[in-house]
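>>> Structural data only, the sequence is not supplied:
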């Protein structure tokens, strides 16, 4: 069997996907066991086992406060980015806007601009605006990063949307607002939910811009993790990494699970 036959049958693609998946999962095979080590070291495999580092994560004020700060900022970003991204996607899909392609490219720019460049630019601008070191500054910066993910998710849902449903609702006397609330919104809800989840995770995991915007009294969990791994040997970072990994994975899979449940309900 030659190489072309393998790839034509899908075997090569499945093998490649399995290799990529193994590469992505491999670090968790080290980080998660390390979070249960009983010693103050990163020696692998652990010789002793303990929950002390998880206990320290939830009781140490530095770790606990940075976690609460990250969650509050991420929730605000998820709400704001979902609203703005959904409106932008609807406008790009239905509006007659000159230069729509250019506008779409500008909306996608935060996904392709190197974060170190974005971090320096945001820091310089926010110093002049008085937003550096403030929760509002974090929310604004992270929202700019998260909006493209919402636009992509909602735009994908809109590509499969039948505009004839809107015309049918209008013929039955529904106003544009009622049509959106009763027809459009429920049908694009999976895309909106996916966008909200990605916006939340984007804010929760972002470290470069957060490192520039931090203050002595305001810093997010990724910044605390970065400082911990560069300053001292503290296995608490392994516990924090495991918690973030499990939480973000569960959030990313949530829309897929809900979508599967919805399909089963329809059947």
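Perfect, thanks for sending it. These figures come from a predicted structure and were not determined experimentally. Numbers count the residues shown, from 1 in each chain.
>>> longest helix of this structure?
The longest helix of the chain (DSSP state H) is helix 61-94.
>>> tell me what that helix is packed against?
If you count contacts as 3 or more CB pairs under 8 Å, 6 or more residues apart in numbering; DSSP states H and E, helix 61-94 packs onto helix 52-59, helix 100-112, helix 135-159, helix 185-205, helix 221-231, helix 236-266. C-beta: built from backbone N, CA, C; applies to glycine.
>>> now those helices in TSV, with mean pLDDT, distance to residue 73 and mean neighbour count?
As requested, the helices and strands packed on helix 61-94 are arranged in TSV below (pLDDT from 0 to 100; distance: least, CB to CB, whole Å; neighbours: other CB atoms under 10 Å):
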stretch	mean pLDDT	distance to residue 73	mean neighbour count
helix 52-59	90	19	16
helix 100-112	82	17	13
helix 135-159	92	5	22
helix 185-205	90	6	21
helix 221-231	84	10	17
helix 236-266	75	14	15
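>>> Out of these, which is closest to residue 89?
Nearest to residue 89, of all the helices and strands packed on helix 61-94, is helix 135-159, at 3.8 Å by CB to CB.
>>> for residue 18, what are its contacts?
Residue 18 makes no contacts at all, as judged by CB atoms under 8 Å, 6 or more residues apart in numbering.
>>> what's the helix or strand for it?
Secondary structure from DSSP states H and E places residue 18 in helix 11-25.
>>> Would you tell me what the next helix or strand after that helix is?
Per DSSP H and E, the first helix or strand lying C-terminal to helix 11-25 is helix 28-34.
>>> Which elements pack onto that next one?
Here helix 28-34 touches helix 236-266, going by 3+ CB pairs under 8 Å, 6+ apart.
>>> Alright, calling it a day.
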